[in-house]
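Undergrad: generate a structure from the sequence data that follows.
(2 chains)
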There are 2 protein chains.
Amino acid sequence: MPPDRARSKKKFRQGGGSSGRRSSRFITEFELIRHLRQTTPDVAGLSSSILAGIGDDAAVIKPRRGHVLLITTDLLVEQVHFDFAYMSYRQVGYRAAVANLSDMAAMGASPRYALVAVALNPKTTAADVKNLYVGIREACTMAGTAVIGGDTSSSRDTLFICLTILGEAKAAQVLERSGARKGDVLYVTGTLGDSRAGWEILKARRSAPSSVGRSQGYLLKRHIRPTARLAESRILAETRFASSAIDLSDGLAGDLRHICEESSLGAVVDLRRLPLSESLVSYAHAQRRNPLDYALLGGEDYELLFTVPMKNLSRVDALIHGGQLCATPIGWMTAQQKGLRIISGSGTAESLTARSYEHRIATNGLQP
Amino acid sequence: MPPDRARSKKKFRQGGGSSGRRSSRFITEFELIRHLRQTTPDVAGLSSSILAGIGDDAAVIKPRRGHVLLITTDLLVEQVHFDFAYMSYRQVGYRAAVANLSDMAAMGASPRYALVAVALNPKTTAADVKNLYVGIREACTMAGTAVIGGDTSSSRDTLFICLTILGEAKAAQVLERSGARKGDVLYVTGTLGDSRAGWEILKARRSAPSSVGRSQGYLLKRHIRPTARLAESRILAETRFASSAIDLSDGLAGDLRHICEESSLGAVVDLRRLPLSESLVSYAHAQRRNPLDYALLGGEDYELLFTVPMKNLSRVDALIHGGQLCATPIGWMTAQQKGLRIISGSGTAESLTARSYEHRIATNGLQP
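TA: Residues are numbered from 1 along each chain as shown, chains lettered A, B, ... in the order given. Coordinates of the predicted model:
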């Protein structure tokens, strides 16, 4: 509709400049498509399912027989979800892909195909775009996912990334948020709060550069290169031991609330059971903060939170003790009217309202 | 990663204000999801295929047996692709959906499912968001497409919409850009250039409000409420008379170049044959401009451009004369080295380089 619509869809700028003249400082959408086609790795076992990929009005895939298809889309905004002051284009791309792949893990699905739409601002160079795609494809390829299409636009100032992932699962193995039942035990994979601590370290280094010890390095890595829990998801889906699942993107308190809402239940979390890394505990203590706040309120760990019915507990524990599943029981599901509660040091359950944690995170940040 | 990440994913503001306090001026993502669930119409014949819709980590669908799946994603940026100074939220939503549904028409596919991701700025009110969705669903429902998921984020200033559409087709009926062969005849549906003229009228009315005659009203409507050519696409796909197709979003010159690139061909367009509406001709003359420039360079008509092999010409012409297909032959495909050429009044073919039309549109706008 505005006069530069056609142009904005077709190319984006390398470096500054505002003339309409084409030069080596411009990269056209054609050139980007050509580059992507050349560099897209042939993801194992998928090429026969991709009937048309990058370069047409739509990508065409052949759905896998006997499977349902899962689709998720995520819009990431510069300076809201990521900031190039702290991370490279490649790192931002990698994390964006993991956030979306993690949604597939949360559903018990295998991610297969990705579409990448980006709106680039005048600062973005051709190298930046390519690095962004390198990061996205890195995460996707590790997850057995092929980038099959997308869109490029220009933006006046803010850079936007919209990722869409398609995955496959057997219908009976899909893990929904709504499947939890009263009495089910809550588990989380891995450790909690590391990513949030990593983010703080990243920010502190920016204002006062310093060397990073092994412990801080671990937390940084947990923030910059998170992992989507696809292997754990696979086990839970195939065994059908879990009744519901979600990935921890907004923090344990926030994401547990989604399971409660969708399953019409309440829940109790025993804070004394929350799995904490040694690195987080020593970092939090050095900061005179409570590591549990990181675990409860810090987001972007991309661990899985899942519920297990009583009848499957011993089998899940066997998987854990056998080293096939890294997970910890942290609480249980209750009747809806009891709401979301936490048990802290004293052993008494206190209410954790939506307002209290949203307020703590939004207004004051994490509290010591 | 930034401190307000969790919050930004969970709610957006109604009106202004910057305090973290919750009040009636805020709408949470939960509330929006609840609203969408309540108001989403049950699109005919789709409910049994949607195993999980809005509200989980991913939507789950059952692919239709014997069909391939098509996916397209489109990122639309405020003040680049749309401007609320000229259109309502509902109109912007409607057009955004048509632009994406039109990609399905271009592939010969039936659009089935849509995902809507929006990044809202502090100006956006709850009513605005709802109206945006009303417009999106209006276009989707007309096309037999159900909105099954999405994402909401906040943005500091610019509003972004990312639409993903999934469609179904029989594998042998998919129309690709790469299917054209030398000698194939080029057709377009409907008339060209109306949307661009409508956009100019909209802009002019904004700076100097005036009443709009029937002719200008037609052009305005063509811009504000375009139609995705799904019925025409259906006929071309089922008869398999066309060898390739694309939808006209960037303008005839630009989109024909995509067919040429993907099919490794050149093309000749006979400008004397371009289908023009009476409204466009009279508007262009009143503006002392050449209506052909609108037809050749104006975008967002969402008509179909398709190629027909010689052996199917008489059958396509029979459909046209029988009133089943509204389309006009406008040129033919040539060898690649001949490039993109136009025949104008004099009857001689002259080269239309990518540079010339991009330059004309980008730097100077349409020329008289």
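
Undergrad: residue boundaries of the helices in the stretch 151-300 of chain A?
TA: For the stretch 151-300 of chain A, the helices defined by DSSP state H, counting those that start in this stretch occupy A:194-207, A:214-224, A:230-239, A:252-263, A:278-286, A:291-297.

Undergrad: tell me what the last one is packed against?
TA: In terms of contacts (3 or more CB pairs under 8 Å, 6 or more residues apart in numbering or on different chains; DSSP states H and E), helix A:291-297 is packed against helix A:194-207, helix A:252-263, helix A:278-286. Heads up, the C-betas are built off the backbone N, CA and C, glycines and all.

Undergrad: make JSON lines out of the helices of the stretch 151-300 of chain A and add mean pLDDT and mean neighbour count.
TA: Below are these laid out as JSON lines (pLDDT from 0 to 100; neighbours: other CB atoms under 10 Å in any protein chain shown):
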{"stretch": "helix A:194-207", "mean pLDDT": "92", "mean neighbour count": "20"}
{"stretch": "helix A:214-224", "mean pLDDT": "93", "mean neighbour count": "19"}
{"stretch": "helix A:230-239", "mean pLDDT": "97", "mean neighbour count": "20"}
{"stretch": "helix A:252-263", "mean pLDDT": "93", "mean neighbour count": "23"}
{"stretch": "helix A:278-286", "mean pLDDT": "96", "mean neighbour count": "18"}
{"stretch": "helix A:291-297", "mean pLDDT": "93", "mean neighbour count": "24"}
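
Undergrad: those helices: which one's closest to B:Ala97?
TA: helix A:252-263 (27.1 Å; CB to CB).

Undergrad: just to revisit the earlier point, turn the helices and strands packed on helix A:291-297 into JSON lines, columns for distance to chain B.
TA: As requested, the helices and strands packed on helix A:291-297 are arranged in JSON lines below (distance: least, CB to the nearest CB, whole Å):
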{"stretch": "helix A:194-207", "distance to chain B": "5"}
{"stretch": "helix A:252-263", "distance to chain B": "6"}
{"stretch": "helix A:278-286", "distance to chain B": "16"}
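
Undergrad: can you put those helices in TSV and add distance to B:Leu230?
TA: Listed next are the helices and strands packed on helix A:291-297 as TSV, based on distance: least, CB to CB, whole Å:
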stretch	distance to B:Leu230
helix A:194-207	44
helix A:252-263	34
helix A:278-286	54
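
Undergrad: and A:Phe241, what is it in contact with?
TA: By CB atoms under 8 Å, 6 or more residues apart in numbering or on different chains, the contact list for A:Phe241 reads A:308, A:312, A:315-316, A:319.

Undergrad: let's see 7 Å
TA: Taking CB atoms under 7 Å, 6 or more residues apart in numbering or on different chains as the criterion, A:Phe241 is in contact with A:308, A:312, A:315-316.

Undergrad: nearest residue to it in space, please, no chain neighbours.
TA: Nearest residue to A:Phe241 in three dimensions, chain neighbours excluded: A:Asn312, at 4.3 Å (CB to CB, 6 or more residues apart in numbering or on different chains).

Undergrad: now swap in A:Val281 and tell me
TA: If the residues on either side of it in the chain are set aside, A:Val281 comes closest to A:Pro291, at 5.0 Å by CB to CB, 6+ apart.

Undergrad: can you check A:Ser215 too?
TA: A:Ser215 sits nearest to A:Ser279 (CB to CB, 6+ apart), 4.2 Å away.

Undergrad: how far away is that neighbour from B:Thr164?
TA: Between A:Ser279 and B:Thr164 the computed distance is 38 Å (CB to CB, to the nearest Å).

Undergrad: and A:Leu265, by the same measure?
TA: Per CB to CB, A:Leu265 is found 31 Å from B:Thr164.

Undergrad: which of those two has more residues huddled nearby?
TA: Neighbour totals were compared for A:Leu265 and B:Thr164, and B:Thr164 leads with 29 against 25 (other CB atoms under 10 Å in any protein chain shown).

Undergrad: tell me the contacts of the more buried one?
TA: A:73, A:115, A:164, B:71, B:73, B:114-115.

Undergrad: okay if I get those as a markdown table plus distance to B:Tyr218?
TA: Shown next, in a markdown table, are the contacts of B:Thr164 (distance: CB to CB, whole Å):
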| residue | distance to B:Tyr218 |
| --- | --- |
| A:Thr73 | 36 |
| A:Leu115 | 36 |
| A:Thr164 | 36 |
| B:Ile71 | 34 |
| B:Thr73 | 32 |
| B:Ala114 | 28 |
| B:Leu115 | 33 |
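
Undergrad: of the residues you listed, which belong to helices?
TA: Using DSSP state H, the subset of the contacts of B:Thr164 located in helices is empty.
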